[in-house]
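Novice: Have a look at this prediction, sequence included:
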Amino acid sequence: MKSALAIAFLVSASFVAGGPIRSSSRQCGTRISKGKMIAAEKQFQALKESRLTMKAAAGADDSTPGPINVYFHVINKNETGTRDDGLIEDDIIEKQMKVLNEGYEQSGISFKLQNTSRVHNPEWFSSASPDSAYQTDMKKQLRQGGPGDLNVYLVGFEKGDAEGLLGYATFPSDYEGAPEDDGVVVLHSSLPEGSTAKFNEGKTLTHEVGHWAGLYHTFQGGCSKDGDQVADTAPQGRPTSGCPRDNAPDTCPGDKLTDPIHNFMDYSDDECLTEFTPGQKKRMYDQMRVFRKINYPELPEVGAPETPAEPETPTEPETPTEPETPAEPETPTEPTTPTESTTPTEPTTPTESTTPTESGTPTEPETPTESEAPSEPETSAEPETPEEPEFEFPWEF
Ligand SMILES: [Zn+2]
C-alpha cells in the first residue's frame, strides 16, 4: 500500500512465544505527512459543502443508514494448526463483531458480518504491511464491496516491516485514489481471547475502524490547536501507554484537561478503551457521507470540552494575592535555617507561570466554527508551515 495515510500500530515485546518481538505498549507508525493531511482536510471541507448543497437540492433524506457490511478475510500460514497459525474460528469472529458493535453503539453506527473467507497464504500472513506488495496482492485478490463496505484482513505480522504491527487502516479519503486498497488489517491474536496480552479484547479493530471511518489519533498534532480535527477531544501531547485510570496524565498542561485515555483513538490498553466523543461521531458521519457515500445525517457542530472550571476558579483568585505575600520576608531567616529559604519560593513560581497560559484556553471553542466556514482561504493560506514540527511524531518508528 503506497498511501501515506496508512496507520499502523507497532508493538515490540515478547507475548507470543517464538513469535515476533512485541512490546508492552502500542507504538504508532503513522505515515501521514502534514502536507497530505492538509490536502485531505481541504478536500474534505470542499466536498462536504458541495455534497450538502446537492443533497438539499435533491430533497433531504435523513433516514438512518443500515449496518455497514463487513467481510472478514482470515489468512493462515498452516492449514492444519492452531489459532497461532491464523486458524480463527467463527465464534471468535462473532465475538469480535459484538465488541465492534458495542464500541460504536453510542455513535449510532452498526456493522453486520456478511462473509468470512479463509485463505492459506504464509507470505501474506507473515509479511503483509502498509507498503508491501504482499498486502497489495492480498487486498486485490480478496476485497469485496464498494466504498461503504468494510473489509477486515487478519494476519500474523511476523516478518520484515510487518513484524510487531498490531494493525493499520486506510482513511475514507484514500478510497477514490486506491479503492482496491481500502480496508483494515489487524493482528489475528488481537481478537477476543487472543494471545496478545493487553491487546486481546478486540479493541484494536474498533480503533482501526475509527481510522477507516475518518478519525485521526487523539494525539494527532500533539498539543496544537487543530490536533485531530475534533473539537471535543482534549489536546494530547503523546500517546497513552497502559491504562492509567487512577492517574490520567495531562500532557498538554495549559488546557487543564487530562488526556483522553479512554478514547478508542488513543493507544491505551484494550481494557481502557471505551468511548468516542460526540465530535468524533460527527466527524465519522461527515467523512463517511462524503467519501464512503453512506447517508449519515448532518449533525450539529460540537464545541470544545468544558474546562473543569469549578475546582479551578477558587484557586485562581488566590493566585494574584500570592505575589503580595512576597514570601521573601521570610528570607531574613535564611541565615539560620537555610533549608526553609528554598521551600517557600518553589511553590509560588510554578503556579503563577501556568495561570496566564490557561487563560488562553477559552478562546479555543471558536476554532471549530472557523474551520466550518468555506475554509479554503484559511487552509490555502499556509501559515501553518511553522507548525510543521508538531506533525512529526517523535514516537514514529
Ligand atoms: Zn491508529
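Specialist: In hand now; what should we look at? Only a predicted model underlies this, so the values are computations on that prediction, with no experimental measurement involved.

Novice: Quick one: low-confidence residue ranges for the stretch 51-200 of the chain.
Specialist: For the stretch 51-200 of the chain, the stretches with pLDDT under 70 are 52-63.

Novice: Helices of that one, residue ranges please.
Specialist: 90-104, 122-127, 133-142 (DSSP state H, counting those that start in this stretch).

Novice: tell me the most buried of the ones you listed?
Specialist: Per-stretch averages of neighbours, counted by mean count of other CB atoms under 10 Å, single out helix 122-127 among the helices of the stretch 51-200 of the chain, with a mean of 21. Where you see a C-beta, it was placed from the backbone N, CA and C, and this is true even at glycine.

Novice: so what does it touch, helix or strand wise?
Specialist: Applying 3 or more CB pairs under 8 Å, 6 or more residues apart in numbering; DSSP states H and E, one finds that helix 122-127 contacts strand 68-76, helix 133-142, strand 150-155.

Novice: Run me through the strand neighbours of the shortest one, direction for each.
Specialist: Each strand that strand 150-155 pairs with, and the sense of that pairing, follows from DSSP bridges: strand 68-76 (parallel), strand 184-187 (parallel).

Novice: Just put the helices of the stretch 51-200 of the chain in TSV and tack on distance to residue 80.
Specialist: Below are those laid out as TSV (distance: least, CB to CB, whole Å):
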stretch	distance to residue 80
helix 90-104	17
helix 122-127	13
helix 133-142	21
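
Novice: coming back round to it: how about the strands paired with strand 150-155 in CSV, adding distance to residue 177 and mean neighbour count?
Specialist: Below are the strands paired with strand 150-155 laid out as CSV (distance: least, CB to CB, whole Å; neighbours: other CB atoms under 10 Å):
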stretch, distance to residue 177, mean neighbour count
strand 68-76, 21, 22
strand 184-187, 17, 26
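
Novice: Dump those strands to a markdown table, plus distance to residue 206.
Specialist: Below are those laid out as a markdown table (distance: least, CB to CB, whole Å):
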| stretch | distance to residue 206 |
| --- | --- |
| strand 68-76 | 13 |
| strand 184-187 | 10 |
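
Novice: picking that back up, of the helices of the stretch 51-200 of the chain, which is nearest residue 239?
Specialist: Proximity to residue 239 (CB to CB) singles out helix 90-104 among those, at 18.5 Å.

Novice: who's in contact with the closest one?
Specialist: The contact list for helix 90-104 (CB atoms under 8 Å, 6 or more residues apart in numbering) reads 70, 72, 74, 83, 110-111, 113, 116, 191-194, 201-203, 205-206, 209, 264, 273, 276.

Novice: separation between the closest residue to residue 271 other than its chain neighbours and residue 224?
Specialist: Counting by CB to CB, 6 or more residues apart in numbering, residue 243 is the residue found nearest to residue 271 once chain neighbours are left out, at 5.7 Å. According to CB to CB, to the nearest Å, residue 243 and residue 224 sit 26 Å apart.

Novice: now do residue 106
Specialist: Separation of residue 106 from residue 224 (CB to CB): 27 Å.

Novice: Look at those two and report which has more neighbours.
Specialist: A direct count of neighbours by other CB atoms under 10 Å for residue 106 and residue 224 places residue 224 higher, at 16 against 13.

Novice: and that one, which of the three is it?
Specialist: Using DSSP: H, G, I helix; E, B strand; the rest coil, the structure places residue 224 in coil.

Novice: Offset the numbering so it begins at 615, please.
Specialist: With the count now opening at 615, the last piece we talked about shows up as residue 838.

Novice: so where is the stretch 865-1011 of the chain shaky, pLDDT-wise?
Specialist: Scanning the stretch 865-1011 of the chain for pLDDT under 70 picks out 922-1011.

Novice: hmm, try it at 90
Specialist: 867-870, 917-1011 (pLDDT under 90).

Novice: Of all the strands paired with strand 764-769, which one comes closest to residue 651?
Specialist: Among these, strand 798-801 sits nearest to residue 651 (CB to CB), with 19.3 Å.

Novice: Identify the residues contacting residue 906.
Specialist: Counting by CB under 8 Å, 6+ apart, residue 906 has contacts 761, 762, 786, 789.

Novice: The third one contacts residue 907, correct?
Specialist: To tie it back to what came earlier, the one meant is residue 786. No: look at residue 786 against residue 907 with CB atoms under 8 Å: they stay out of range, at 9.9 Å.

Novice: Looking at these two now, which is surrounded by more residues?
Specialist: Per other CB under 10 Å, whichever of residue 786 and residue 907 has more neighbours is residue 786, with 27 against 13.

Novice: about what we covered before: and the contacts of helix 704-718, which of them are buried?
Specialist: Buried subset of those (neighbour count, 16 or more other CB atoms under 10 Å): 684, 686, 688, 697, 725, 727, 730, 805-806, 808, 815-817, 819-820, 823, 878, 887, 890.

Novice: Which of those fall within strands?
Specialist: 684, 686, 688, 725, 727, 730 (DSSP state E).

Novice: Perfect, I'm done here.
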